[in-house]
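J.: Please work out how this folds:
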Amino acid sequence: MQKLPVEPEKASTFFTGGLDPQLYILSLSKLFKDMGTGMLAFLIPLYIIGLDSSLFASTPLVVKAGIVATAFGISNTISQPVMGKLSDRMDRRKSFILAGMAGFTILSFLYANTRQFEYVVLFRFIQGITVGVAVPAIVAMVTHFSTSRTRGKAIGIYSSLRGLGFGSGPIVGGVIVSYYGFVSAFYVCAFLGILSTLLIFFFVNEPHGSAHKEIPDHVSGTNDPQFIVLAIAMFMMMAGIMIIFAFLPEYKIMLNASELPLSMAVSAYVFVRVLFQTPMGIISDRVGRKKMVAYGLLLNVPVVIGLGYAGSITELIILRAVQGISMAAVETPVMALAVELTGGKAVGSKVSIITAAQAGGMALGPIMGGLLAGYVSFRTPFYLCGALILMSFFLVLAKVKEPGITNG
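T.: Residues are numbered from 1 along each chain as shown. Model (predicted):
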């Protein structure tokens, strides 16, 4: 009996678990780029210790670290919804991703050649915009490369590789700085940006049109209060996680820690999050996404407060690892619900509300921590952040319903 020829597209998806092979290339590209992003997030608060400054010469170091982190977060938050709508309107994803990665690469070179604090703040603000250009397009492309049956798997693969890159970035950066200095580390970031750009340019095609019309009709749009509550939950979680970046200079002094152990504390969160994402996703399928999100939020409350009491680098690493578990219980269920709430239309602009909320938390955490610690007390921001996360926990309990459950 003669065998029928196998269509190349079907054969390729068979060997990649039913997913478009381009999803793996896109995720690998994001791994390299986010490794550079993780390096910068860790290195810059330490790099500014030795920089000259004219406008902020008398500003406490913890506040300056918060300003740098928040400059990135604010521009990222503002640009994501705008760029998401623009990419939907133009029906172009690849061009936006390439533009964002090219901007990241150029700015990484610039960090290596400046000794002025104000320029670093400006560069971080611009870099936030470049991330805002790319992220909504990447999320939309991930959904294009999957179906309703494989979307959870696709998001899991993408999130895991992205998290692995961001988590390993601080450790790689810490090692490079310890042996070769900050300038070499920034050049490595630029190289990673070039590598990511080339992978997208040569191996990922431009998708067009809606990729998931199969989403059920009962799902609503961004005006659904559940969507807003999910955005608030992600905002508060990221604020509690990113608050540590304002305190890196203080932890270095208080705990008598060098760059390498500090990088391990920063990365512990991401590595544990990546490790627990798939198990938490499986558990959430059984116990419900709402419950997992609520559990993750509640777990993060005492952990954030505990960061203000860390007495050794070991305690700091343990607390960050537990934060990774809490975020693993929140991130994947929230993103899966967000995709469903889009109704399959304008994915880039609508899901960007969630990703922009994450970026907003990145902006709030460091500046809130820096200002309150610098002008009130060291532990005040940790208590405030814990209270805000607890508030979002109660909002999720009150407003979010399990998928498929409707009123009445």
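J.: Tell me the helices and strands packed up against the host helix or strand of residue 338.
T.: Here residue 338 sits within helix 313-341, counting by DSSP states H and E. Under the contact criterion of 3 or more Cβ pairs under 8 Å, 6 or more residues apart in numbering; DSSP states H and E, helix 313-341 touches helix 151-180, helix 225-242, helix 244-254, helix 259-287, helix 289-307, helix 347-375. In short, each C-beta sits where N, CA and C put it, glycine included.
J.: which of the residues in it are buried?
T.: Within helix 313-341, the residues scored as buried using 16 or more other Cβ atoms under 10 Å are 313, 316-341.
J.: Is residue 257 in a helix, a strand, or coil?
T.: At residue 257 the chain is in coil, as set by DSSP: H, G, I helix; E, B strand; the rest coil.
J.: Distance check, the nearest residue in space to it that is not next to it in sequence against residue 252.
T.: The shortest distance from residue 257 to any non-neighbouring residue, by Cβ to Cβ, 6 or more residues apart in numbering, is to residue 313 (4.7 Å). Note on residue 313: its distance to residue 252, by Cβ to Cβ, to the nearest Å, is 10 Å.
J.: between the two, what contacts are shared?
T.: Overlap between the contact sets of residue 313 and residue 252, as judged by Cβ atoms under 8 Å, 6 or more residues apart in numbering, is given by residue 262.
J.: ok, residue 278 touching residue 157?
T.: No. The pair residue 278 / residue 157 is not scored as a contact, 9.5 Å apart, by Cβ atoms under 8 Å.
J.: Counting neighbours, which bits of the helix or strand containing residue 96 end up buried?
T.: With secondary structure defined by DSSP H and E, residue 96 is part of helix 94-111. Using 16+ other Cβ under 10 Å as the test for burial, helix 94-111 gives 94, 96-105, 107-108, 110-111.
J.: go on, stretch 108-127?
T.: 108, 110-112, 114, 117, 119-121, 123-127.
J.: contacting residues around it?
T.: 36, 40, 44, 47-48, 51-56, 64, 67-69, 71-72, 74-75, 103-104, 107, 182-183, 186-187, 189-190, 193.
J.: ChimeraX command to pick out the buried ones of those residues?
T.: Burial among the contacts of stretch 108-127 is assessed by 16+ other Cβ under 10 Å; the matching ChimeraX selection reads:
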select :36,40,44,47,48,51,53,56,64,67,68,69,71,72,74,75,103,104,107,182,186,187,189,190,193
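J.: that older thread, residues shared between the contacts of residue 278 and residue 157?
T.: By Cβ under 8 Å, 6+ apart, no residue touches both residue 278 and residue 157.
J.: If you count surrounding residues, which of these two has more?
T.: residue 157 (22 against 17; other Cβ atoms under 10 Å).
J.: What is the three-state secondary structure of the closest residue to that one other than its chain neighbours?
T.: Counting by Cβ to Cβ, 6+ apart, residue 157 lies nearest to residue 27, which is 5.7 Å off, once chain neighbours are set aside. Look at residue 27: counting by three-state DSSP, its state is helix.
J.: Kindly provide the distance from residue 27 to residue 207.
T.: 15 Å.
J.: Residue 324: what's it in contact with?
T.: 268-276.
J.: Who's the closest spatial neighbour of it, skipping the chain neighbours?
T.: residue 272 (3.0 Å).
J.: circling back: pLDDT of the helix holding residue 96, averaged?
T.: For helix 94-111, mean pLDDT is 93.
J.: For it, output the C-alpha coordinates as CSV.
T.: What follows is helix 94-111, C-alpha atoms only, in CSV (Å, rounded to 0.1, in the frame of the first residue of the first chain):
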residue,chain,number,x,y,z
LYS,A,94,7.6,41.3,13.1
SER,A,95,8.5,44.9,12.2
PHE,A,96,7.6,46.0,15.7
ILE,A,97,9.6,43.3,17.3
LEU,A,98,12.6,44.0,15.2
ALA,A,99,12.4,47.8,16.0
GLY,A,100,12.2,47.1,19.7
MET,A,101,15.2,44.7,19.7
ALA,A,102,17.3,47.0,17.6
GLY,A,103,16.6,49.8,20.1
PHE,A,104,17.6,47.6,23.0
THR,A,105,20.9,46.8,21.3
ILE,A,106,21.8,50.4,20.5
LEU,A,107,21.0,51.5,24.1
SER,A,108,23.1,48.7,25.6
PHE,A,109,26.1,50.1,23.7
LEU,A,110,25.4,53.6,25.0
TYR,A,111,25.4,52.5,28.7
